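Chemist: Provided below are the primary sequence and the corresponding predicted coordinates.
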Amino acid sequence: MESLWRKDVEMPEFPVLEGDVKTDVLIIGGGMAGLLTAYFLHERGVEYILVEKNRICSGTTQNTTAKITSQHGLIYHKILKYYGVEKASMYYRANEEAVEKYKRLCNSIDCGFEIKDNFVYSVSDREILEQEMSALSKIGCKAELFDSLPLPINTVGAVSFSSQAQFHPLKFLSAIAKNLNIFEHTFVREMKGNTAVTDKAGVCAKNVIVATHFPFINKHGLYSLKLYQHRSYVLALENAQQAGGMYVDEFKTGLSFRDYGDLLLLGGGGHRTGKDGGNWAELRDFAAKHYTSSSEVAHWAAQDCMSLDSVPYIGNYSANTHRLFAASGFNKWGITGAMVAAKLLCDCVNGVKNEYYELFTPGRNMLKPQLFVNTVESAAGFVGFTGKRCPHLGCSLKWNRAEHSWDCPCHGSRFDENGTVLDNPANGNLKK
Ligand code: FES
């Protein structure tokens with residue numbers, strides 16, 4: 001199970017960090033958010049080190065469907081309801097700036113970058129599309145409402161943002177990472193004050209940025225309550241009708257479509273990690289029914305951190321940690337989310353005021369309905385019994401038949417058949 005992006009790119013390699021060092025900024029995690037942050041710090045001449053426990057881009061970043069858009073489902077109505085017009089407008093601006101930044105950077109990078117329109121459709125609820133259009137008009141965004149789409153499904157319409165983009169994420173990042181100060185196979189086992197302890201080194205940093213997908217320091221920030229993880233699946237199909245744009249269902253477990261070259265990338269089958277879902281079987285059934293001449297050239301799965309209010313957590317790790325920062329909870333929109341995070345965190349470590357800080361701060365009010373759901377799921381996972389316990393906070397693991405892994409319904413850690421950790425927040429393997 002290897003994503004399409006992995007098949008045609010050699011990522012640059014970096015050494016292991018050995019011996020004790022000091023730096024202004026330590027970035028932990030070599031995915032999209034960590035690498036972009038390092039790239040901007042490098043540009044600004046700030047001293048930094050990025051450490052990655054495996055190879056760079058070996059986590060969520062290699063499994064994205066790589067849509068570059070400021071349209072994150074039907075999010076604007078939701079933000080407007082929670083936080084008002086000003087913050088909804090800020091969210092739009094921050095993400096539009098991210099799209100524009102990709103356009104500029106991709107000008108000089110050979111990474112399959114293409115301008116495409118983005119569509120968020122519904123199969124049953126026209127009213128929520130109209131609500132979203134109304135929210136978008138309040139924040140001055142010129143979206144368009146479509147009645148039908150060139151897809152083999154029945155919809156009641158779609159909201160569309162024009163001039164968005166798609167690319168090959170690893171071709172992009174292999175170019176971005178080339179000259180950065182990166183150390184691979186350098187696993188931060190714990191933080192002792194402002195020193196990161198790895199197997200062969202200690203990194204003492206004035207600022208620490210945790211970009212590890214799920215923030216791994218448990219004692220601050222309540223991320224175990226603020227986040228859950230969602231799994232979704234992708235097929236790359238040849239000889240399937242091309243989508244021509246980027247399409248996603250407003251419903252979390254619905255389908256998504258985009259092209260890459262002659263291939264169609266069909267996404268869906270999603271579920272909360274540790275729960276049942278359609279997985280690849282659902283996508284294969286769909287392909288057999290609607291793309292009868294198609295054949296599968298790759299399949300893979302993605303794992304995403306979901307926040308309580310659909311807005312990412314970017315900024316101070318918690319209210320009490322002043323030089324410790326986090327970027328997480330991108331809610332499946334990690335391409336633009338990572339760009340927003342990189343710019344915001346660069347400003348944080350440089351002491352520059354960022355206009356979006358309050359919107360994204362992880363310390364914002366947690367009282368949202370999803371907090372209740374997360375609490376109930378964690379309690380149920382904790383009292384469940386399947387014989388295997390998660391080393392993160394002790395929940396009972398569930399066997400994932402489609403992927404042959406042990407998955408945690410509480411916060412989404414995953415382990416292979418032999419107990420080796422696949423996805424955090426667990427920081428180590430299952431006990432034998
Ligand atoms: Fe937290 Fe398993 S991921 S208990």
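Modeler: Great, that's in hand.
Chemist: Now the stretch 151-300 of the chain against the ligand: closest residue?
Modeler: Nearest to the ligand in the stretch 151-300 of the chain, going by C-beta to the nearest ligand atom, is S224, at a distance of 6.0 Å. Heads up, the C-betas are built off the backbone N, CA and C, glycines and all.
Chemist: tell me which element R6 is part of?
Modeler: helix 4-7 (DSSP states H and E).
Chemist: Keeping just the C-alphas, turn that helix into CSV.
Modeler: What follows is helix 4-7, C-alpha atoms only, in CSV (Å, rounded to 0.1, in the frame of the first residue of the first chain):
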residue,chain,number,x,y,z
LEU,A,4,0.9,7.3,-6.1
TRP,A,5,3.1,10.2,-4.9
ARG,A,6,5.6,7.7,-3.5
LYS,A,7,6.0,5.8,-6.8
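Chemist: How far off centre is that helix?
Modeler: 18 Å (C-alpha atoms, centre = their mean, to the nearest Å).
Chemist: Can you pull up the most central residue in this protein?
Modeler: In the chain, the residue lying closest to the centroid (C-alpha atoms, centre = their mean) is G334, at 3.6 Å.
Chemist: what pairs with E144 across the strands?
Modeler: S160 (DSSP bridges).
Chemist: you'd agree it is up against V159?
Modeler: Yes - at 7.5 Å, E144 counts as touching V159 under the criterion of C-beta atoms under 8 Å.
Chemist: Tell me the residues of the stretch 151-300 of the chain that contact the ligand?
Modeler: By C-beta under 6 Å from any ligand atom, no residue of the stretch 151-300 of the chain approaches the ligand.
Chemist: Show me the helices in the stretch 151-300 of the chain, by range?
Modeler: Assigned by DSSP state H, counting those that start in this stretch, the helices in the stretch 151-300 of the chain fall at 169-177, 223-226, 279-290.
Chemist: any idea which of those helices is most buried?
Modeler: Among the helices of the stretch 151-300 of the chain, helix 169-177 has the highest mean neighbour count (mean count of other C-beta atoms under 10 Å), at a mean of 22.
Chemist: Who are the packing partners of that one?
Modeler: Contact here means 3 or more C-beta pairs under 8 Å, 6 or more residues apart in numbering; DSSP states H and E; on that basis helix 169-177 packs against helix 4-7, helix 32-44, helix 85-106.
Chemist: hmm, who's touching the second one?
Modeler: Think helix 32-44. 25, 27-28, 48, 50, 52, 56-57, 61, 64, 169, 173, 176-177, 179-182, 209, 211, 327, 330, 334-335, 337-339, 341-343, 345-346, 349-350 (C-beta atoms under 8 Å, 6 or more residues apart in numbering).
Chemist: and what of the first one?
Modeler: Residues from elsewhere that reach helix 4-7, judged by C-beta under 8 Å, 6+ apart: 62, 64, 66, 168-171, 236, 260, 263, 265, 297-298, 300.
Chemist: any chance of the residues you listed in TSV, with pLDDT and distance to P409 too?
Modeler: TSV is the format used below for the contacts of helix 4-7 (pLDDT from 0 to 100; distance: C-beta to C-beta, whole Å):
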residue	pLDDT	distance to P409
Q62	96	24
T64	96	23
A66	97	28
H168	98	33
P169	98	28
L170	98	30
K171	98	35
A236	97	29
Y260	97	32
L263	97	33
L265	98	28
V297	96	32
A298	96	28
W300	97	22
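Chemist: Show the buried residues in those.
Modeler: Among those, the ones that count as buried by 16 or more other C-beta atoms under 10 Å are 62, 64, 66, 168-171, 236, 260, 263, 265, 298, 300.
Chemist: before we move on, back to that, out of E144 and V159, which sits in the busier spot?
Modeler: Legend: neighbour count by other C-beta atoms under 10 Å for E144 and V159, higher for V159 (27 against 13).
Chemist: OK, contacts around that one?
Modeler: 71, 74, 119-120, 129, 132-133, 136, 143-146.
Chemist: If we use 6 Å, what do you get?
Modeler: Going by C-beta atoms under 6 Å, 6 or more residues apart in numbering, V159 touches 120, 129, 132, 143, 145.
Chemist: Same check on W280?
Modeler: Neighbouring residues of W280 by C-beta under 6 Å, 6+ apart: 233, 299.
Chemist: Check what pLDDT it gets.
Modeler: Note on W280: pLDDT of 97.
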